[in-house]
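Q: Sharing a model prediction with you, sequence too.
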Amino acid sequence: MRAGVAWLGAALGLLCACAAACSGEDALPCGGRLVLCTVAGDGEGAQGSLGVPMAQASLYQPMDVSFDSGGAAYLVDWNNHRVLRVGTDGRVQAWLGNGAIGEQLPVGKASEVAVYHPTDVVFRQGGGAYVALWHNDVIVGVDLQGQLTSVVGTGDVGYAPDGEVAATAAVYLPSKLAMRPDGRLCFSEAGNQRVRCVDAEGNLTTLVGPATGPACVGEGCVGKLLAPGFGGDGGPAQAAALALPHGNSAVPSGGLGFQPDGTLLLADTLNHRVRRVDSAGTISTVAGGGAGQAPEIGDGGPATAATLLRPSDVAVDGAGRIYIADTYHHCVRRVDGDGVISTLAGRCGHSGDGGDGGPATMGLLNKPYGVAVDAAQRLWIADTLNHKIRRVELD
């Protein structure tokens, strides 16, 4: 296993401006449409107590948020090596990880094991979930009794070609997860610059990037793996090149999302684009590729002419609008149904903390790595280097 990620963000802002959050309750009525609010995290960048209201919880570089079918929120508390569940009472409880670093393949009860940098959670039809464990190089399942099962990877770094049994295959830095409309699990494999899926028989398949390559297992093969690149727009996704952060000190990116028709959205992070793979398997750019610099980054114009800076995650709302964690611009962008891009939260090009209770576009974020839209059409933002979860009620 590799050494832990060494980057640390400054904890900026110790106050929650939403009155409900400061009273210790879940800040559901925190302002109105397009108003920014902090709903989880006290900004301390530490590991705090369980059982407290989520607004009082201590988070340490949260990476993402997910939701189960009952509406409970799951906070990926990345640098605390755990995932917290927030139930209907608004309090945080252990769900996966005991808060310690675990370099071995985790087995047993999810809330009791040590894991190494969980990065994403998705829920499967019929119950249960999948969790990507970035520095364990595995994806695990969590069943309805909270027990772990092996789904993808063995903990060994490497590359396994298509057709290998996913649970016994070597993978490298599984990052973000998404469920296809047909119920299959897909994931961005950042170390191998691909998007992979698990078929109905439990075998690996490749959705984006080359489907072939020499099998390799062990730390010594890392330098032999597929290098980042760019290309392939207008052609088959398996002929495309991606550029996803990888290596010992990389931060998980490459967020995925499926639209109801099966179209894949992918944050091609180091190519500063969001790309789309349609139902025919053709890849294209849906946002990014522009050459402007903040604040002239394309808002109000075509998303394909806009500038993104290391986008890390994508989400889609009920109207089909796309949300982009424009991480190194410190903001969240939105692409409407006509392909026009705008800023939804944060002031692009300006990092900081603050603005709760006011217009989301006047607030400040600090390298947001994750975005998610819940069933109530609220945007949740993993404001990673502020050690908080922010939220905006959408219009």
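A: Sure, I can see it. Residues are numbered from 1 along each chain as shown.

Q: Strands of the stretch 251-395 of the chain, start to end?
A: Counting by DSSP state E, counting those that start in this stretch, one finds strands in the stretch 251-395 of the chain at the ranges 256-258, 264-268, 273-277, 283-288, 311-316, 322-326, 331-335, 341-345, 368-373, 378-383, 388-393.

Q: Can you tell me the number of residues neighbouring the closest residue to C186 other than its chain neighbours?
A: Nearest residue to C186, sequence neighbours excluded (CB to CB, 6 or more residues apart in numbering): C197, at 4.2 Å. C-beta: built from backbone N, CA, C; applies to glycine. For C197, the neighbour count with other CB atoms under 10 Å is 22.

Q: In the stretch 1-150 of the chain, where is pLDDT below threshold?
A: Applying pLDDT under 70 to the stretch 1-150 of the chain flags the ranges 1-30.

Q: wait, I meant the stretch 151-300 of the chain
A: In the stretch 151-300 of the chain, no residues with pLDDT under 70.

Q: Please, where are all the helices along it?
A: Remark: helices of the stretch 151-300 of the chain are absent; assignment by DSSP state H, counting those that start in this stretch.

Q: what about the residue nearest to C186, distance to G300?
A: 36 Å (CB to CB, to the nearest Å).

Q: just I322 next, same as before
A: Relative to G300, and taking CB to CB, I322 is found at 16 Å.

Q: and those two? which has more neighbours close in?
A: The residue with more neighbours, out of I322 and G300, is I322; 24 against 9, by other CB under 10 Å.

Q: For the more buried one, which non-adjacent residue is spatially closest?
A: Nearest to I322 is V335, by CB to CB, 6+ apart, at 4.2 Å.

Q: Can you name the residues bridging to the one you found?
A: Taking DSSP bridges as the rule, V335 bridges to I322, I341.

Q: That one: neighbouring residues, count only.
A: Neighbours of V335 (other CB under 10 Å): 25.

Q: if we can go back for a sec, test my guess that the residue nearest to C186 contacts G183.
A: No - using CB atoms under 8 Å, C197 is not in contact with G183, being 10.9 Å away.

Q: And the strands in the stretch 101-250 of the chain, which stretches?
A: Assigned by DSSP E, counting those that start in this stretch, the stretch 101-250 of the chain shows strands spanning 118-123, 129-133, 138-142, 148-152, 158-159, 174-179, 185-189, 194-198, 204-208, 216-217.

Q: Could you identify which of those strands is most buried?
A: Most buried of these, by mean neighbour count (mean count of other CB atoms under 10 Å): strand 185-189, with a mean of 28.

Q: for that strand, packing partners?
A: strand 148-152, strand 174-179, strand 194-198, strand 256-258 (3 or more CB pairs under 8 Å, 6 or more residues apart in numbering; DSSP states H and E).

Q: what's the closest of those to N79?
A: Across the helices and strands packed on strand 185-189, N79 has its closest neighbour in strand 174-179 (15.4 Å, CB to CB).

Q: tilt between that closest one and strand 368-373?
A: 10 degrees (axes from the mean of the first three to the mean of the last three CA atoms, to 10 degrees).

Q: centre of the chain versus strand 174-179, how much separation?
A: 8 Å (CA atoms, centre = their mean, to the nearest Å).

Q: Contacts for that strand, please.
A: 64, 119-125, 130-134, 137-139, 152-153, 185-190, 244, 252-258, 264, 267, 313 (CB atoms under 8 Å, 6 or more residues apart in numbering).

Q: partners of that strand in the sheet?
A: strand 185-189 (antiparallel).

Q: Not counting the strand it pairs with itself, show me its contacts.
A: Contacts of strand 185-189 (CB under 8 Å, 6+ apart): 122, 124, 130, 132, 139, 151-152, 171-180, 194-198, 207, 244, 253-256, 258, 264, 266.

Q: give me that answer again for 6 Å
A: Strand 185-189 has contacts (CB atoms under 6 Å, 6 or more residues apart in numbering) with 130, 171, 174-178, 180, 195-198, 254, 256.

Q: okay, the angle between that strand and strand 138-142?
A: Strand 185-189 runs at 150 degrees relative to strand 138-142, counting by the same axes, to 10 degrees.

Q: Output strand 185-189 as PDB, nothing but the C-alphas.
A: The C-alpha coordinates for strand 185-189 follow below in PDB (Å, rounded to 0.1, in the frame of the first residue of the first chain):
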ATOM      1  CA  LEU A 185     -21.900  -0.600 -11.300                       C
ATOM      2  CA  CYS A 186     -19.400   1.600 -13.100                       C
ATOM      3  CA  PHE A 187     -16.300   3.400 -11.800                       C
ATOM      4  CA  SER A 188     -13.600   5.700 -12.800                       C
ATOM      5  CA  GLU A 189     -10.300   3.800 -12.500                       C
END
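
Q: Give me the distance from it to the chain's centre.
A: Its chain's average C-alpha position is 12 Å from that of strand 185-189, according to CA atoms, centre = their mean.

Q: which ones are touching H135?
A: Y116, H117.

Q: Correct me if wrong: M54 contacts V86.
A: Yes - under the criterion of CB atoms under 6 Å, M54 makes contact with V86 at 4.9 Å.

Q: more crowded one of these two?
A: Of the pair M54 and V86, M54 is the one with more neighbours under other CB under 10 Å, namely 27 against 24.

Q: what residues are up against the residue nearest to the more buried one when sequence neighbours are not counted?
A: In space, and not counting its chain neighbours, M54 is closest to A40: 4.1 Å by CB to CB, 6+ apart. Residues in contact with A40, defined by CB under 6 Å, 6+ apart, are M54, A57, L75, I389.

Q: same question, L264
A: Contact analysis of L264 by CB under 6 Å, 6+ apart lists F258, V277.

Q: quick one: it and D120, what's the gap?
A: Separation of L264 from D120 (CB to CB): 15 Å.
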